[in-house]
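**Q** Here is my input, please return the structure:
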Amino acid sequence: MDFLEDIEILDCPICGGAALLEEENGWCLYVTCLDCGCSTAEIPFKNEEEKKDAARRAVNTWNMGKVISMGPGE
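**A** Numbers count the residues shown, from 1 in each chain. Below you'll find the predicted structure:
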């Protein structure tokens with residue numbers, strides 16, 4: 001995924017940990033924190049062009065702080 005070189009993924013908005021863009025079985029992308037496990041929603045794609053858009057959307061969502069977190073009591 002060479003197009004990812006142009007996309008900056010910020011640190012986790014919950015704990016400040018490192019983030020990673022992950023692909024799920026060739027149908028969706030999402031960003032997740034390697035420390036606390038919070039993540040964005042899954043962004044589906046069907047082809048390479050949609051995959052690029054899905055990556056940008058997932059990272060933009062993450063960078064805005066819109067994440068799913070399984071905190072205490074959830």
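
**Q** The residue most central in space within the chain in helix, strand or coil?
**A** Centroid-nearest residue in the chain, with CA atoms, centre = their mean: Val31, separated by 1.6 Å. At Val31 the chain is in strand, as set by DSSP: H, G, I helix; E, B strand; the rest coil.

**Q** What sits closest to it if chain neighbours are left out?
**A** Trp62 (3.9 Å; CB to CB, 6 or more residues apart in numbering). Bear in mind the C-beta positions are built from the backbone N, C-alpha and C, glycine included.

**Q** Would you confirm that the one you found belongs to a helix?
**A** Yes: membership of Trp62 in a helix is supported by three-state DSSP.

**Q** So what's the residue count around it?
**A** As a burial measure, Trp62 scores 24 neighbours (other CB atoms under 10 Å).

**Q** What distance do you get for it to Asn47?
**A** 23 Å (CB to CB, to the nearest Å).

**Q** Relative to Glu48, how far out is Ala55?
**A** In terms of CB to CB, Ala55 sits 11 Å off from Glu48.

**Q** which of those two has more neighbours?
**A** Ala55 (22 against 9).

**Q** Would you mark the buried spots in stretch 60-72?
**A** By neighbour count with 16 or more other CB atoms under 10 Å, stretch 60-72 contains the buried residues Thr61, Trp62, Asn63, Val67.
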